[in-house]
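>>> sequence plus predicted model, see below.
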Amino acid sequence: MPPLTASPSRTFLLTGVTGFLGKVLLEELVRRKNELAIERIGVVIRPMRGLRAEERFRREVVRSECFSRLPVHWTQLITVIEGNLEDPAFSAGADRDAILRQVTHVVHAAASVKFDIPAEAAARVNVSASLNLLELVRTLPRLSRMVYVSTAYVAPNPGDGRPIEESLAALPVPAADLYRACIDRTIIDDDLLKQSGHPNSYTLSKSIAEHMLAERRGDVPLTILRPSIMTASRQHPFPGWIDSTSGLGAFVMLAGAGHLRALVCDANARLDLMPVDEVTRRIVQSCVSDAEPLVIRHAVAGVSHSPTVEQCRDATQRFFGTNRVDEPPDVRYLGPRGARFAVANFLYHRLPIAVAGLRSRAKKRRAEKRSARLSYLNNEFTSFTTRTFNFRTSLPLDAAYDAVAFTETICRGVYRHLFGRDESAWVLAGRARTAHDADLQWAMRRPHGNFWIRAASWMVTKVLRRSVDAVTVDVPSFERALRGTPNGVAIVLTPSHRSYLDFVLTTYLAFARPDLLPIPHIAATMEFARIPILGRILESMHAFYLRRGQGTTDPELAPRVDALIKQGKTLAFFIEGGRSRSGDFLQPKRGLLRCLQSTGRTCALLPIAITYERVPEHETFARELAGHPKAKMRLSALVSWTIDAWRGRIDLGRVHIACGPPVLLDESSDVHVVSHDVIRRLREAMLGTTVSLPLQARQRGETRVPPSTANRRVKAAR
């Protein structure tokens, strides 16, 4: 984009700030107030449901997470103006206070985006309100520009891939005549749409508004900005911000929750998805840089930056297949409306919803709402999902924008902000985990792992569901660690060591989330190798054994480590050596670090902090701390504990897993310093989240939170 032009102080007047786009626009203006020399921002809000404008602003705007990263007193920049733009008296009797006399830029973003409302209602909200605001704008003595936020879909698709230009879309009759026909209801809605070629009253009313504003603007400098399908933010206020269930948000929610199974579309049609913050950047740019009396701009991604419907479906299923919300996502039918869709719609939508409605009145109401949403999606959105729109734009996205990758950002935003789930406490296993349709089938379908790892993971899933409230994972901490890991280095996992369960959880997490960790080869003490049967099974599950406590480096260890590193394998070892009985970190062991250093490869050590509410060996540790001798490893003890857990006699409460920043080890590193850096980052990762702090405190105090309380916390985290 071109640089902003220098200007004296600016005062903005905004409409629509209670909506998705309006919030992000307001956040952008406040965040950039010094750069843009903004002196004041006025926001027009209508009273609604018994709430005055000021109260709506506090409840619906100020409390939004969209503004969570702004300075505490950001609202001091804002003046709330109460008014209903649909009322013609708004412009005639509006309060001419100080802010209106100082307004330099007006952005009209208020609109109804419902596709199925009557044409008369759409005309009042989207046309009448715009014309009323125009009358007010004429009276502003310092006005520099008005920006009207329209939609790129004001022009019906011309077909054959023909481009849609940045110009007024043709209408069959003068816009004023269509407007009057809508208001007076002199033409049936279907006839209006057929005559104009528009798929719904929303796009028709926005096209009429464009024409009438252009015709009646007089001396008002006007920019008409046309966004395509607005979706989650790319960068600001933070990646993935979304609070709108319209547009793509509805598709991702219904498909992600496993409710949408059949969609009327062309699987190869491209969806022009525009990050909402990219739209607001273009609004601001138009406000301060446009100089022509009338400018029309598309705020669109363009065909080259638009994913297909099938790519959106696949990305949604990948994300929500891992981050389950309700049913497993499985959109089975993508295609035209017809006999095949009718069958799919009956089998996957209508029949399950009808059956669910028989169970109770509450489930019937939920089923009816779900049915209405599915019908709306498959009836009102087909004009966008069955064809590709080729928009031309004078404000293109940068070349680095990856449309397919951005669909994951959208899914993350929907997961967090619309479903209310927290990725920093993603539930890996336990009673709080949404049950897999078939645990064995799930284990066998994971992308990596041999027979023993799959079989063990199936059993672990069962055991954890009976013995743990929840095993939660701070997913963003792992993603940050991976982003901070240089390309081409060897990955080495260094978990904290509080329990034998650490071995299991490290591999289980890698098995369940290969996007976070590859399945590691774990260094285990030689004592495990001496356990009949179990030692061989663990070796089949990528365990390799080392000798400790001999005062010298194990001569067999270095060649083994070197071979694994050269094969590109991921290693894992416990830098504390043995398990900590007290909950404090032990002094680090450096033998394996020296073996890694001797390979000549740079290694990234990932500190993985595993925090227990109650460690499985609690009673054993208590006896040892009281002076009793250390118990020997026995297969019978493991079998006995597993049986007790299977029968529900074990309750470990919560387990939380987080990852600290990587520590690099190369030939020039001081192994002593590196070892203590790993311990320090393990400690920081363990103490650095609100999830782990209470768990660690309870572990050290050996207190147990009642299951009902713990379960409520799990649900809150989810």
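Arrived safely, thanks for sending.
>>> Tyr148 contacts Ser130, correct?
Yes. Under the criterion of C-beta atoms under 8 Å, Tyr148 makes contact with Ser130 at 6.5 Å. Any C-beta I mention is one placed from the backbone N, CA and C, and that applies to glycine too.
>>> quick one: the strands in the stretch 551-700 of the chain?
Counting by DSSP state E, counting those that start in this stretch, the stretch 551-700 of the chain forms strands over residues 571-572, 603-612, 654-659, 663-665, given from the N-terminal end onward.
>>> give me the mean pLDDT for the helix ranked longest in the chain.
In terms of residue count, the longest helix belonging to the chain (DSSP state H) is helix 361-380. Per-residue pLDDT over helix 361-380 has a mean of 90.
>>> can you check the distance spanned by stretch 546-555, start to finish?
Across its full length, stretch 546-555 reaches 10 Å between end residues, using C-alpha to C-alpha, to the nearest Å.
>>> returning to what we had before: how far out from the middle of the chain is the longest helix of the chain?
With C-alpha atoms, centre = their mean, to the nearest Å as the basis, helix 361-380 stands 24 Å off its chain's centre.
>>> domain ranges for the protein?
Following the assignment in automatic domain parsing, the chain carries domains at 10-227, 465-717.
>>> and stretch 41-53, end to end?
Using C-alpha to C-alpha, the gap from the first to the last residue of stretch 41-53 comes to 15 Å.
>>> sorry, slip of the keys, the one I care about is stretch 73-86.
Distance across stretch 73-86, first residue to last, is 32 Å (C-alpha to C-alpha).
>>> give me the residues contacting that stretch.
Contacts to stretch 73-86, defined as C-beta atoms under 8 Å, 6 or more residues apart in numbering, come from residues 13, 15, 26, 30, 33, 38, 40-47, 52-54, 57, 62, 67, 90, 94-95, 99-100, 110, 124-125, 128-130, 132-133.
>>> PyMOL command for the buried members of the residues you listed?
Applying 16 or more other C-beta atoms under 10 Å to the contacts of stretch 73-86, the buried members can be selected in PyMOL as follows:
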select buried, resi 13+15+26+30+33+38+40+41+42+43+44+45+46+53+57+67+90+94+99+100+110+124+125+128+129+130+132+133
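>>> the contacts of stretch 73-86 in helices, which ones?
26, 30, 53-54, 90, 99-100, 129-130, 132-133.
>>> most widely separated two among these?
For the ones in helices among the contacts of stretch 73-86, the farthest-apart pair by C-beta to C-beta is Val30 and Asn132; their separation is 26.5 Å.
>>> quick one: Met274 from Pro396, how far?
Here the criterion is C-beta to C-beta, to the nearest Å. By it, Met274 lies 11 Å from Pro396.
>>> kindly report the same for Tyr500.
Counting by C-beta to C-beta, the gap from Tyr500 to Pro396 is 56 Å.
>>> same check on Ile38?
27 Å.
>>> Gln567 now?
Distance from Gln567 to Pro396, counting by C-beta to C-beta: 45 Å.
>>> neighbour count: those two, which is higher?
In this view Gln567 and Pro396 are compared by other C-beta atoms under 10 Å, and Pro396 has more residues nearby, 15 against 8.
>>> SS state for that one?
When the structure is reduced to helix, strand and coil (DSSP: H, G, I helix; E, B strand; the rest coil), Pro396 reads as coil.
>>> now do the contacts for it.
Counting by C-beta under 8 Å, 6+ apart, Pro396 has contacts Gly302.
>>> ramachandran coordinates for it?
For Pro396, the backbone dihedrals are phi -70, psi 160 (criterion: degrees, to the nearest 10).
>>> let's see the pLDDT reported for the residue lying closest to Leu51 once chain neighbours are set aside.
With sequence-adjacent residues excluded and distances taken as C-beta to C-beta, 6 or more residues apart in numbering, Leu51 is closest to Arg59, at 7.1 Å. The predicted local distance difference test score for Arg59 is 95.
>>> got it, and the one 10 residues further on?
In the prediction, the pLDDT value recorded for Arg69 is 95.
>>> what's the answer for Pro156, then?
Model confidence at Pro156, expressed as pLDDT, equals 86.
>>> measure Asp651 to Tyr612 for me?
Using C-beta to C-beta, Asp651 is found at 12 Å from Tyr612.
>>> next: Ser457.
When Ser457 is compared with Tyr612 (using C-beta to C-beta), they lie 20 Å apart.
>>> okay, those two: which has more neighbours?
Tyr612 (27 against 24).
>>> list the contacts for the spatially most central residue of the chain?
When the chain is reduced to its mean C-alpha position, the nearest residue by C-alpha atoms, centre = their mean turns out to be Arg412, at 1.6 Å. Contact partners of Arg412, counting by C-beta under 8 Å, 6+ apart, are 232, 239-240, 319, 423.
>>> who wins for neighbours among the residues you listed?
For the contacts of Arg412, neighbours were counted by other C-beta under 10 Å; the highest total belongs to Ala232, with 29 neighbours.
>>> before we move on, which element is the residue lying closest to Gln102 once chain neighbours are set aside in?
Computed as C-beta to C-beta, 6+ apart, the closest residue to Gln102 that is not its neighbour in sequence is Thr11, at 4.4 Å. Counting by DSSP states H and E, the element that carries Thr11 is strand 10-15.
>>> mind giving me the packing neighbours of that strand?
If you count contacts as 3 or more C-beta pairs under 8 Å, 6 or more residues apart in numbering; DSSP states H and E, strand 10-15 packs onto helix 20-31, strand 38-45, helix 98-102, strand 105-108.
>>> any idea how far the nearest residue to Pro8 once chain neighbours are set aside is from Leu204?
Setting aside the residues directly before and after it, Pro8 is nearest to Ala37 in space (C-beta to C-beta, 6+ apart), at 6.8 Å. From Ala37 over to Leu204 the distance is 39 Å, taken as C-beta to C-beta.
>>> more crowded one of the two?
With neighbours defined as other C-beta under 10 Å, Ala37 and Leu204 compare such that Leu204 has more, 27 against 16.
>>> ok so Gly420 is a helix residue?
No. Checked against three-state DSSP, Gly420 lies outside a helix; its state is coil.
>>> so, low pLDDT: which residues of the stretch 451-600 of the chain?
548-554 (pLDDT under 70).
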